[in-house]
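Visitor: structure for this input, please:
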Amino acid sequence: MHRKRYQLLFLLLISSRLFAQQQVTISGFVREQGSLELLPGVNVYLQNYSTGTATNTYGFYSITVPKSDSAVISFSFVGYAKQDLRIAANADQQLDISLATDNQLDEVIISGTRQTEKVSESVQMSQIEVPISQIKKIPAFFGEKDVIRVLQLMPGVQKGTEGQTGLYVRGGGPDQNLIILDDAVVYNASHLFGFFSVFNSDALKSVELTKGGFPARYGGRLSSVVEMNMKEGSKEKLHGEGGIGLISSRLTLEGPLANKKASFLISARRTYIDVLAAPLIAQQQSGYDSKVKPGYFFYDLNAKVNYDFGAKNKLYLSGYFGQDRFKVREKSTNSQNTSGLNWGNATGTLRWNHLINQKLFVNTSVIYSHFNFNIFSNDKDFDKGVVVDEFSLKYNSLIRDLSLKTDFDFYPNPNHSMKFGLQATTHRFVPSALALEGDFSDDEIDLQAKPINTLEAGAYVEDTWQPFTALKVNGGFRLSLFETKTKVYIRPEPRISAALKLAKDFSVKASYAKMNQYVHLLSNTGLGLPTDLWVPTTDRIAPQQSSQVAFGLAKDLDKPGLAVTLEGYYKTMNNIISYKEGSSFISLNGENANELNWEDNVTTGKGWSYGAEFMVQKKTGKLSGWVGYTLSWTKWKFPELNFGETFYPRYDRRHDLSIVGIYELSKRITLSATWVYGTGNALTIPISKFATYENRFVPSNWGTPAGTGQIMNEYGKKNSFRAESYHRMDVAIQFHKKKKRHERTWEFGLYNAYNRRNPFFYNINSKLNGNQQTNVLTRYSLFPVLPSFSYNFKF
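Guide: Residues are numbered from 1 along each chain as shown. Predicted coordinates:
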C-alpha cells in the first residue's frame with residue numbers, strides 16, 4: 001500500500017518537472033514610446049492561448065507559456081497601438097517593449113491598431129479608469145481641469161452640493177474614500193472650500209476608481225479607492241506643458257537626467273484671485289474710514305525624480321505640497337482686526353522596485369503624509385495710537401502619518417497571479433487645540449486636546465486564478481490591526497470576485513468585500529470644509545465596518561472601446577459616526593478643565609445602501625464619452641438622532657444621471673459637453689414658527705418691558721424635506737494648433753450653460769402681505785452661467 005503511494009508521488013513529481021521543462025517564462029517592462037514612461041495595466045497575452053496577464057503599477061509583467069520554436073505575444077492598452085511580436089519561445093527571456101500613443105499613430109505608420117481593454121475579460125468589477133487625455137477635454141468649472149469632478153460624473157458617485165468636489169460613493173461619506181497619490185494618503189483633497197481638488201492633471205499618469213469588489217491589497221476605508229500615479233518624467237528630452245486661465249496658471253516640466261538613466265518631473269499651480277481682486281476692492285472702499293483687505297490664494301507643487309539602476313532595481317522619490325491661505329484685515333482709526341484660515345497637505349514617497357527573478361517582483365515604500373489646518377483672529381483697540389484692549393484666538397488640528405509598505409507580485413504559472421504584502425502606519429492626531437487670550441478675563445483659556453498616537457497595520461494575500469478558460473476568480477484575505485492606548489482591534493477582511501464568460505465579449509460578475517475603517521471624519525456642514533476633523537478609533541469609538549455584495553453584467557460591443565455594464569449592490573455599514581445634535585468642532589464649556597474631548601460630542605449608528613448602476617462608455621474614437629445612471633437608496637439610523645428613527649442622509653439621491661460627450665470635429669477643433677441630473681438633497685428645515693412669552697417682573701425705571709417674547713423654529717423629522725432636483729449643462733470648445741516647436745490650445749467654455757438656478761440652501765423669510773405677515777421658503781443659488789477661457793501650451 002505504502003509502495004503504491006510512493007510510486008504515485010514519484011510519478012507526480014516527474015510529471016510536474018517535465019511540465020515545467022515544457023514551459024518558458026517571458027517577462028519585462030512596458031514603456032511609452034518616446035518618454036519611456038512605464039505603463040501600468042497593459043494587457044499581455046499569447047495569441048491562440050487562453051491565459052494572459054497585465055502589467056503591474058510599475059509596468060512589469062511576467063507570463064509563462066508553452067515552450068515552442070515560434071509564438072506571437074500581444075500587448076494592448078487603451079489609447080495605444082496594439083503590438084504583436086513573434087518570438088522564439090524556447091527559453092526564459094526578458095522582453096521590454098515600447099507602445100506608441102494615439103498622437104504618434106497619427107504621425108507615423110505602425111503595424112497594429114488602437115486597442116482598448118475589454119471589460120468582459122477582467123475579473124474586477126465596480127472599477128472605472130478614465131484616461132488623462134479624456135479628462136483634459138471635458139468641460140470644467142472656471143476652465144480648471146479637475147480629476148475629482150470627472151469622477152463625480154461616474155455612476156455610483158454622488159456629486160454633493162453645488163460646486164463641491166466631495167465624493168459620496170454608494171452611500172458612503174467623503175471620509176470613506178481612500179485617496180492615494182503615489183502610495184501616500186491625501187486627507188483633504190480640495191481647494192477653495194471645496195470648489196477645486198488638489199490634483200493637477202498635468203502631473204498625473206493614471207486615475208482609477210474602485211467602488212466595490214475591493215482586492216485584498218486595499219484597506220482602511222469603506223466605500224471607494226481612488227488611486228492616482230504621478231508621471232515619472234520623460235527620459236527622452238525636455239518637455240513642458242502649462243496653461244493660463246481666469247483664476248490660476250500652471251506649468252509642468254519633465255526631462256532626462258544622468259545620461260537618461262534618471263528623469264525628473266516638477267509641476268506647479270497657483271491662483272491669483274488675491275492679485276486680481278486687490279485693486280477692485282481698494283477702489284470700492286475709497287473714501288471710507290474703515291478699510292477691509294481680504295486675500296485668498298492656493299498653490300500646488302508636485303515633484304518626482306527616479307533613477308534606473310538596471311534591469312532589476314529602480315528608485316523613485318515623489319512628493320506633493322499644497323496650501324490654501326485665506327486672510328482678512330480690517331483697519332480703522334481706533335481698531336484693527338486680522339483673521340484667517342489656512343490649511344494644506346504634504347506627502348512624500350520613497351519607493352524601491354526590485355526584480356528578484358522573472359516571476360517575483362517586490363516594491364518597498366516609505367511614506368509620509370501630513371494635513372494641518374488652523375484658524376486665527378486678532379482684535380486690537382487703540383486710543384491715540386496705543387493698544388488699550390486686545391483679544392486673540394488660535395485654533396488648529398492636524399493628522400500625520402508615517403508608513404512602511406512592502407508589496408510582492410508573484411506569477412507562479414499561467415493560471416495564477418498572486419499579490420501579497422504588509423503595511424504599518426503610525427498615526428498622530430491632534431483633533432483640536434484652542435487658545436483664547438484677552439483682557440475679558442483674569443485667566444487665559446487654553447483648551448488642548450492631547451495628541452493621540454496610534455498604530456495601524458495590515459497584511460494581505462490575493463490570487464487571480466483561472467481554473468478554466470471561461471472563469472476567472474480573485475480571492476483574497478486581509479488581516480487588519482489598530483492599536484489604541486489601551487485596546488487592540490484585530491479584524492479579518494475576506495474578499496472575493498469572480499467573472500464567468502457566458503459568450504464572446506459577454507460575462508457575468510459577482511463580488512463580496514468586508515472592509516474596516518479606523519479613522520473618521522467629523523463634519524456638521526456636509527460641505528467638505530477643512531474644519532472637518534479627522535479623529536481615530538479609540539477605546540470608546542469602535543472602527544467603522546462594511547460588508548458589500550455586488551452582481552453585474554459586462555458586454556463589449558462590436559465598435560472598438562465601446563462597452564456596457566450593469567451592476568447591482570447592497571452594502572451595510574456599522575459604527576458610522578456623526579456629531580450629536582447641536583455639537584460642532586469647537587465646543588467651549590466652562591466645566592471643562594483644560595481639555596477638549598471630541599468623543600463627548602459624537603454618536604455612533606449604522607447605515608445601509610443599495611441600488612443599481614448602468615453605464616455605456618466609449619474611450620476612443622472621434623466620438624467618446626459615457627452615459628451613466630444610478631438608482632439608489634441610502635438610510636442611516638442613530639439612537640441619539642431623529643428620536644432613534646431611520647432617516648435619509650443629506651446625500652441620499654434616488655436618481656442620478658450623467659451624459660458626457662467629446663467629439664473630435666477635426667484635428668484642430670474639439671467639442672465637448674456634459675449634462676447632469678440628480679434628485680435633490682435631503683434637508684432639515686423649519687416647518688413652522690411659534691412665539692414664546694416670558695413674564696418677568698423688573699423695575700420700571702430699567703426701561704425694559706414687563707414681558708419678553710422670542711420667535712422659535714419648529715423642525716420636523718431629520719432630513720424630511722427634499723430640495724429641488726439638480727440639473728446643469730456645461731459646454732466647451734478647444735482650438736488646437738501645432739507649430740514648429742510647440743502646440744497651443746485655446747479653450748472657451750460655459751459652466752451652467754442654460755443658467756439653471758440650482759438650490760444651494762434654503763431659508764424661511766418673513767414677508768408682509770398687507771397687515772398680515774407670512775413665512776416664505778426661499779431658495780438661494782450659488783452659480784449662474786459662468787464663462788471661462790484658457791490658453792494651454794505643450795512643447
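Visitor: mind listing the helices for the stretch 201-350 of the chain?
Guide: Assigned by DSSP state H, counting those that start in this stretch, the helices in the stretch 201-350 of the chain fall at 273-284.
Visitor: need the strands for it, in chain order.
Guide: 204-210, 224-230, 239-244, 248-257, 262-271, 291-308, 313-331, 335-357 (DSSP state E, counting those that start in this stretch).
Visitor: which one of the ones you listed lies closest to Ser480?
Guide: Of all the strands of the stretch 201-350 of the chain, it is strand 224-230 that lies closest to Ser480, at 14.7 Å by Cβ to Cβ. For every residue, glycine as well, the C-beta is placed using N, CA and C.
Visitor: for that closest one, name the packing helices and strands.
Guide: helix 147-151, strand 177-181, strand 204-210 (3 or more Cβ pairs under 8 Å, 6 or more residues apart in numbering; DSSP states H and E).
Visitor: save the ones you listed as CSV, and put in mean pLDDT and mean neighbour count too.
Guide: Output for these, formatted as CSV (pLDDT from 0 to 100; neighbours: other Cβ atoms under 10 Å):
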stretch, mean pLDDT, mean neighbour count
helix 147-151, 90, 23
strand 177-181, 94, 23
strand 204-210, 92, 20
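Visitor: against Ile180, how distant is Gln323?
Guide: Computed as Cβ to Cβ, to the nearest Å, the Gln323 to Ile180 distance reads 21 Å.
Visitor: ok, the longest strand along the chain: who's next to it in the sheet?
Guide: Counting residues, the longest strand found in the chain (DSSP state E) is strand 386-413. Strand pairing for strand 386-413, determined by DSSP bridges: strand 360-383 (antiparallel), strand 416-438 (antiparallel).
Visitor: what about the last one, average pLDDT?
Guide: Strand 416-438 shows an average pLDDT of 83 in the prediction.
Visitor: on that earlier part again, which of the helices and strands packed on strand 224-230 sits closest to Arg741?
Guide: strand 204-210 (24.5 Å).
Visitor: what strands line up against the closest one, and which way round?
Guide: strand 127-129 (antiparallel), strand 224-230 (antiparallel).
Visitor: just the ones you listed: most buried one?
Guide: Among these, the stretch with the highest mean neighbour count (mean count of other Cβ atoms under 10 Å) is strand 224-230, at a mean of 22.
Visitor: angle of it against strand 291-308?
Guide: Following axes from the mean of the first three to the mean of the last three Cα atoms, to 10 degrees, one obtains 70 degrees for the angle between strand 224-230 and strand 291-308.
Visitor: now the angle between strand 335-357 and strand 224-230, please.
Guide: Going by the same axes, to 10 degrees, strand 224-230 makes 80 degrees with strand 335-357.
Visitor: what about strand 224-230, average pLDDT?
Guide: Here the average pLDDT along strand 224-230 is 94.
Visitor: out of the strands paired with strand 386-413, flag the one nearest Pro784.
Guide: strand 360-383 (30.4 Å).
Visitor: where in the protein is the helix or strand with the lowest mean pLDDT?
Guide: strand 114-115 (a mean of 42; mean pLDDT, DSSP states H and E).
Visitor: ok so, going back, quick one, which of the helices and strands packed on strand 224-230 gets closest to Gly749.
Guide: Short answer: helix 147-151, nearest of those by Cβ to Cβ, at 12.9 Å.
Visitor: may I have the closest one as CSV, with CA atoms only?
Guide: Backbone C-alpha positions of helix 147-151 (Å, rounded to 0.1, in the frame of the first residue of the first chain) are rendered in CSV as follows:
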residue,chain,number,x,y,z
VAL,A,147,-9.9,64.7,-11.8
ILE,A,148,-12.3,64.6,-8.8
ARG,A,149,-15.1,66.4,-10.7
VAL,A,150,-14.8,63.9,-13.6
LEU,A,151,-15.1,61.0,-11.1
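Visitor: what strands line up against the helix or strand following that helix, and which way round?
Guide: Proceeding N to C from helix 147-151, the next assigned helix or strand is strand 157-158, under DSSP states H and E. Partner strands for strand 157-158, per DSSP bridges, with pairing direction: strand 168-169 (antiparallel).
Visitor: residues in contact with the strand it pairs with?
Guide: Strand 168-169 has contacts (Cβ atoms under 8 Å, 6 or more residues apart in numbering) with Gly156, Val157, Gln158, Lys159, Gly160, Pro174, Gln176, Asn177, Lys211, Ser223, Ser224, Tyr651.
Visitor: most neighbours among those, which one?
Guide: Ser223 (30 neighbours; other Cβ atoms under 10 Å).
Visitor: quick one, phi/psi of the nearest residue to Leu355 once chain neighbours are set aside?
Guide: Sequence neighbours aside, Lys312 is the residue nearest to Leu355 in space, at 4.3 Å (criterion: Cβ to Cβ, 6 or more residues apart in numbering). When read as degrees, to the nearest 10, the backbone of Lys312 gives phi -110, psi -10.
Visitor: tell me how many other residues crowd Lys312.
Guide: Lys312 has 11 neighbours, counted by other Cβ under 10 Å.
Visitor: likewise the one 10 residues further on?
Guide: A count of neighbours around Gly322, defined by other Cβ under 10 Å, yields 22.
Visitor: give me the pLDDT for it.
Guide: For Gly322, the predicted pLDDT is 93.
Visitor: that one contacts Asn342, correct?
Guide: No - at 11.6 Å, Gly322 does not count as touching Asn342 under the criterion of Cβ atoms under 8 Å.
Visitor: pLDDT score for Asn681?
Guide: 88.
Visitor: what about it, distance to Ser766?
Guide: Taking Cβ to Cβ, one finds Asn681 at 25 Å from Ser766.
Visitor: quick one, which of these two is more surrounded?
Guide: Asn681 (25 against 10).
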